[in-house]
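Novice: no sequence for this one, just the structure:
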């Protein structure tokens, strides 16, 4: 399977739960969120547990003019 899923708000709540479910199903992911550390940790955890590739993109989808820094 060579499918990619984009998940916004992946650092907590429904976004994080969706990331885990799609990774478990074998989907590669692009995950976004405001908290860089949480995105990186989610990437590490999911890639360690499942044979998937994760691209973390830290930003707030509500702010089109600014990238997140923390």
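Specialist: That came through, no problem. If you're wondering where the values come from, they're calculated on a predicted model, not measured in any experiment. Residues are numbered from 1 along each chain as shown.
Novice: what bits of the protein have low per-residue confidence?
Specialist: Along the chain, segments meeting pLDDT under 70 span 1, 61, 64-70.
Novice: Now do the strands in it.
Specialist: Counting by DSSP state E, one finds strands in the chain at the ranges 4-7, 28-33, 54-58.
Novice: So which elements touch the last one?
Specialist: Using 3 or more CB pairs under 8 Å, 6 or more residues apart in numbering; DSSP states H and E as the contact test, the elements touching strand 54-58 are strand 28-33, helix 36-49. To be clear about C-beta, it is placed using only N, CA and C from the backbone, and glycine gets the same treatment.
Novice: I'd like to know how far residue 24 sits from residue 51.
Specialist: 11 Å (CB to CB, to the nearest Å).
Novice: One more: residue 16?
Specialist: 20 Å.
Novice: between those two, which one's more packed in?
Specialist: Taking other CB atoms under 10 Å, residue 16 and residue 51 do not tie; residue 16 has more neighbours (17 against 8).
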